[in-house]
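> 3D model of this:
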Amino acid sequence: MTPPQQTAMGTFPVVGIGASAGGLEAFRKLLTALPIDTGIAFVLIPHLDPSHPSMMADLLSGSTAMPVVEAGDARLAGSRRVSDRRHSKRQFE
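Have a look, this model is predicted:
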């Protein structure tokens, strides 16, 4: 696989992947299979209870050499990074 080229402005593709409850194992399998030099930012969106803190970034970090961080409102995904974005009902209201 040839990584996508970044432009002079530093843009890169972003891939969003959602999963219902029970998607943790699918996320782990995906991250294990991906090379770390894709040039793509991955935003993983699990359906979680918004009243509980997410442990998704910690749980996924052992499945890849890419940095895994929880995406916040002000944090942008970066190339060759995995961001966990919590799905909550209020995002769609």
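> contacts, neighbours, all on C-alpha from now
OK.
> residues of stretch 50-64 that come out buried?
Using 16 or more other C-alpha atoms under 10 Å as the test for burial, stretch 50-64 gives 54, 56-57, 60-61, 63-64.
> among the residues you listed, which two are most distant?
54 and 64 (18.3 Å; C-alpha to C-alpha).
> What about the closest residue to residue 60 other than its chain neighbours, how many residues nearby?
Nearest residue to residue 60, sequence neighbours excluded (C-alpha to C-alpha, 6 or more residues apart in numbering): residue 28, at 6.2 Å. Neighbour count of residue 28, defined by other C-alpha atoms under 10 Å: 16.
> Make 699 the starting number, not 1.
OK, 699 is where the count begins now, so the last one is residue 726.
> you'd agree residue 726 is up against residue 756?
No: using C-alpha atoms under 8 Å, residue 726 is not in contact with residue 756, being 11.5 Å away.
> Tell me the residues that contact both of these two, please.
Common neighbours of residue 726 and residue 756, counting by C-alpha atoms under 8 Å, 6 or more residues apart in numbering, are absent.
> hang on, residue 716 in a helix?
No: with DSSP: H, G, I helix; E, B strand; the rest coil as the criterion, residue 716 is located in strand rather than a helix.
> can you pull the pLDDT of it?
Residue 716 is assigned 91 on the pLDDT scale.
> Number of residues surrounding the spatially closest residue to it that is not a sequence neighbour?
Excluding its sequence neighbours, the residue lying closest to residue 716 (C-alpha to C-alpha, 6+ apart) is residue 743, at 4.4 Å. Using other C-alpha under 10 Å, residue 743 has 21 neighbouring residues.
> Is residue 743 within a helix or a strand, and which one?
Using DSSP states H and E, residue 743 maps to strand 739-744.
> The residue nearest to residue 758: which element?
Residue 726 is part of helix 722-731 when elements are defined by DSSP H and E.
> Flag every buried residue along that helix.
722, 725-726, 729.
> Following the chain onward from the strand holding residue 743, which element is next?
helix 754-759.
> That'll do, ta.
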